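**Q** Make a model of this:
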Amino acid sequence: MTTAHETAAADRARIKTIVCDILEIEPDELTDTALFREDHDADSMAAIEILSQLERAFRTDIDQADLPRMVNLDGIVEVVSESLAARAARAN
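**A** Residues are numbered from 1 along each chain as shown. Modelled structure (predicted):
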């Protein structure tokens, strides 16, 4: 049986892979708090692409109003977690 912690770790790893692919960086270059724009030269198009890929990968809708919170890996994980929790609540 998979625990919530294992699921969260798997989701974080999946998110990190998506971000690294879009920003064209190696996973060891991306820390939890590294800022995409300042530390990795990401632009607004990269942010939109990250949001789009996350929506597809996790089969959820993420409001573009959340983009300002999605400045680093921790921020993205939080937004995706909230989106998945909201989706689960709607399903019940």
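
**Q** Residue 58 versus the nearest residue to residue 71 once chain neighbours are set aside, what's the distance?
**A** Closest residue in space to residue 71, ignoring its immediate chain neighbours: residue 35 at 5.5 Å, by C-beta to C-beta, 6 or more residues apart in numbering. (C-beta placed from N, C-alpha, C; glycine too.) Separation of residue 35 from residue 58 (C-beta to C-beta, to the nearest Å): 23 Å.

**Q** Among these two, which residue is more densely surrounded?
**A** Ranked by neighbour count (other C-beta atoms under 10 Å), residue 35 and residue 58 place residue 58 first, with 18 against 12.

**Q** my guess is the more buried one contacts residue 85, does it?
**A** No: using C-beta atoms under 8 Å, residue 58 makes no contact with residue 85, being 11.6 Å away.

**Q** which secondary structure element contains the most centrally placed residue in the chain?
**A** For the chain, the residue sitting closest to the mean C-alpha position, by C-alpha atoms, centre = their mean, is residue 76 at 3.7 Å. Assessed by DSSP states H and E, residue 76 sits inside helix 73-91.

**Q** Could you do residue 42 as well?
**A** Going by DSSP H and E, residue 42 is not in any helix or strand.

**Q** Please list all residues in contact with it.
**A** By C-beta atoms under 8 Å, 6 or more residues apart in numbering, the residues touching residue 42 are 23, 36.

**Q** For it, give its distance to residue 24.
**A** In terms of C-beta to C-beta, residue 42 sits 10 Å off from residue 24.
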